[in-house]
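In: need coordinates for the following:
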Amino acid sequence: MINDLKKDSEERMQKSLDSLEQGFAKVRTGRAHPSILNGVMVSYYGSDVPLNQVANVGVEDSRTLLVQPFERTMVSAIDKAIRESDLGLNPISADAIRVPLPALTEETRKNMQKVARTEAENAKVAIRNIRRDVLGDIKSLLKDKEISEDDERRAGEDIQKITDKHIAEVDKRLAAKEAELLKV
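Out: All right, here's what the predicted structure looks like:
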């Protein structure tokens with residue numbers, strides 16, 4: 001029973017790390033990467049859909065993304081969606097849409113660092129919430145006399161070790177992202 005709780009907490013904490021990676025993918029570095037446009041929603045026949053469902057997004061060169069719509073009529077809608085996103089990008093439209101990524105200024109890099117730190121802190125909070133939930137479950141097992149106090153204490157220590165491991169991983173990934181952002 002306790003092992004199931006440990007395994008569940010490990011899986012949930014891993015999902016928090018995966019979510020952190022998705023958050024980091026949206027934080028722009030100096031290089032073009034298709035995941036920068038992952039959050040862009042395009043109006044498609046009256047409903048908003050993710051950009052990757054109406055177009056192929058690829059890298060033309062190190063500073064330019066190439067967006068190729070599946071339908072020619074979608075060019076203006078995609079262009080508008082990219083402009084209105086909070087990414088600060090100005091696409092150039094023709095048959096395909098080219099999205100040049102401006103060079104990052106020092107101020108932009110610092111802002112991106114703040115965003116990355118916020119994403120990391122959110123991941124840490126999620127991991128700590130998972131720990132709190134699992135420890136609550138363990139306490140309720142003790143209360144129901146399904147486990148002994150020694151089992152509860154050992155399980156609590158194990159959950160703390162799992163939590164510490166995942167928090168350290170968040171810090172490691174944040175340090176790598178910050179180093180990537182500072183690289184000119």
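In: how is this protein divided into domains?
Out: By the assignment in the TED database, the chain contains the domains 1-27+105-182, 34-100.
In: for the residue in the chain sticking out farthest from the centre, give me phi and psi.
Out: For the chain, the residue at maximal distance from the C-alpha centroid (CA atoms, centre = their mean) is K145, at 40.3 Å. Main-chain dihedrals, K145, degrees, to the nearest 10: phi 60, psi 30.
In: okay, it: pLDDT?
Out: If you check K145, the pLDDT there is 88.
In: returning to that earlier point: worst mean pLDDT among the domains of the chain?
Out: domain 34-100 (a mean of 87).
In: ends of that domain, how far apart?
Out: 12 Å (CA to CA, to the nearest Å).
In: helices of the chain, start to end?
Out: For the chain, the helices defined by DSSP state H cover 2-26, 75-84, 106-143, 149-182.
In: now the angle between helix 149-182 and the third one, please.
Out: In other words, helix 106-143. Interaxial angle, helix 106-143 versus helix 149-182 (axes from the mean of the first three to the mean of the last three CA atoms, to 10 degrees): 170 degrees.
In: tell me what helix 106-143 is packed against?
Out: helix 2-26, helix 149-182 (3 or more CB pairs under 8 Å, 6 or more residues apart in numbering; DSSP states H and E). Every residue, glycine included, has its C-beta placed from N, CA and C.
In: next: the first one.
Out: Under the contact criterion of 3+ CB pairs under 8 Å, 6+ apart, helix 2-26 touches helix 106-143, helix 149-182.
In: could you dump those to TSV with distance to S19?
Out: Below are the helices and strands packed on helix 2-26 laid out as TSV (distance: least, CB to CB, whole Å):
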stretch	distance to S19
helix 106-143	7
helix 149-182	11
